[in-house]
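**Q** build the 3D model from these lines:
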Amino acid sequence: MSDFTFLEEVANRIKTNRNQLKDVEDELATVNFRIHEIPLKSSTESTFAKMIGEEYHDATGDLEKARERLSLQKEDLSNKIKEDISTFITEFTSPDLVIPLEPNPKIADGNTTFKYRGGAVFRNVLDILSELLGLSAPILVKDVMFSASEIIIKVKDEYEAKQKFLNSMHEVQKTLSIKRK
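**A** Coordinates of the predicted model:
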């Protein structure tokens, strides 16, 4: 059974791994720059070291090892992110998806508002979902606004609100299913 708590964990992993990937890519760029720079400076550095009576250390070997290690980390993180995005889409589009909404909505100002049970907030789910859909948060689909803490439907009839909610969820799931392919 798919639920928003699990999706929140997956979305959090995606965001964490993306941050780590960015750090690895930055470090890899620095290492690649230093590897490129060594042949340009090695003649001067080795002559200078000899002149002051020191041994010249060519850092190329160490940098090559660092580049290989970072390249492997980059590939590993990229694969984890792809797998987690695939899992996120699969779970979100599952017909067994459970969205923990309070059963009794609040109706006010022409809107029906469903809060998540226990005051839960699903910020990471919303961030990844909005990214996958190419929309900014909060997400608005057919008069239904999805936010991290609630779902607001622009009708004042509870039954109609539930219908609109189900239709918009179907649209979101259909769009994600197309993205998976």
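**Q** going forward, measure contacts between C-alpha atoms and count neighbours the same way
**A** OK.
**Q** need the next SSE after the top helix by length along the chain, C-terminal direction.
**A** In the chain, taking DSSP state H as the definition, the longest helix is helix 4-51. Counting by DSSP states H and E, the element after helix 4-51 in chain order, helix or strand, is helix 60-92.
**Q** show me how far that next one is from its chain's centre.
**A** From the chain centre to the centre of helix 60-92 is a distance of 14 Å (Cα atoms, centre = their mean, to the nearest Å).
**Q** that helix packs against which elements?
**A** helix 4-51, helix 158-180 (3 or more Cα pairs under 8 Å, 6 or more residues apart in numbering; DSSP states H and E).
**Q** contact partners for the closest residue to V98 other than its chain neighbours?
**A** Take V98 and drop its neighbours on the chain: the residue closest to it by Cα to Cα, 6 or more residues apart in numbering is D3, 4.6 Å away. Contacts for D3 (Cα atoms under 8 Å, 6 or more residues apart in numbering) come out as 91, 97-100.
**Q** over to N12?
**A** For N12, the contact set (Cα under 8 Å, 6+ apart) comprises 124-125.
**Q** coming back round to it: want to try TSV for the helices and strands packed on helix 60-92, with distance to K65 and mean pLDDT as columns?
**A** Formatted as TSV, the helices and strands packed on helix 60-92 follow (distance: least, Cα to Cα, whole Å; pLDDT from 0 to 100):
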stretch	distance to K65	mean pLDDT
helix 4-51	10	86
helix 158-180	36	89
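**Q** in TSV, list the ones you listed along with distance to N104.
**A** As requested, these are exported to TSV (distance: least, Cα to Cα, whole Å):
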stretch	distance to N104
helix 4-51	19
helix 158-180	9
